[in-house]
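> Give the three-dimensional model of this entry:
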Amino acid sequence: MELPESLIESSITRGVILHSTGFENIDHGKFFVIMGVNEDKVAGFFFINSNVHRSIYQKPEQLALQYPLKRSDYNFLDHDSFLCATQVLTLSKKFLCNSIMLGDTLVISNLRDDHVEEVLEMVRNSRVFSKIEKEQFFYE
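Model prediction:
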């Protein structure tokens, strides 16, 4: 049974964890978390990585934006991982809904509420993001 686009769109909210094989320049599927949503875009989504990239260790402000995720909290993870909250990326809701309908993107789970709040607080206090980005994506 095919789900209506409106139902799919209503499931795309802050904290939802998805997995997609449709990212350009990435040759494997990636887990990512939606952290901001507006009328026509999902935004501020962050990738989940197995490790912190070694180049980040030279950048203290970006290193502070690596949020640890424990496998014991998220059964879809094979091992402890990191939410890389160093860059605001955006996708159109329509593109994401279409990707879900095609099966290229799957809704996996939700970030725990306390983790959502901790990530939001982390990025709100960071100098990596502009005031405009913070207001647009990381506040209600």
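> drop to CA atoms for contacts and neighbour counts, all remaining ones
OK.
> Whichever strand or helix holds Leu106 pairs with which strands?
Assigned by DSSP states H and E, Leu106 falls within strand 105-110. When pairing is defined by DSSP bridges, strand 105-110 lines up against strand 16-20 (antiparallel).
> quick one: buried residues of the top strand by length along the chain?
Assignment by DSSP state E gives strand 81-92 as the longest strand of the chain. The neighbour-count check on strand 81-92 (16 or more other C-alpha atoms under 10 Å) flags Ser81, Phe82, Leu83, Cys84, Ala85, Thr86, Val88, Thr90 as buried.
> which one of those is nearest Ile12?
Thr90 (13.1 Å; C-alpha to C-alpha).
> could you list every residue that touches the spatially most central residue of the chain?
By C-alpha atoms, centre = their mean, the chain has its centre lying nearest to Val33, at 2.2 Å. Remark: with contacts taken as C-alpha atoms under 8 Å, 6 or more residues apart in numbering, Val33 is in contact with Arg14, Gly15, Val16, Ile17, Leu18, Phe45, Phe46, Phe47, Ile48, Leu111.
> 10 Å - rerun?
12-19, 43-48, 83-85, 107-111, 116 (C-alpha atoms under 10 Å, 6 or more residues apart in numbering).
> Now Leu120: closest residue in space that isn't a chain neighbour?
Leaving aside its chain neighbours, Leu120 sits nearest to Phe138 (6.1 Å; criterion: C-alpha to C-alpha, 6 or more residues apart in numbering).
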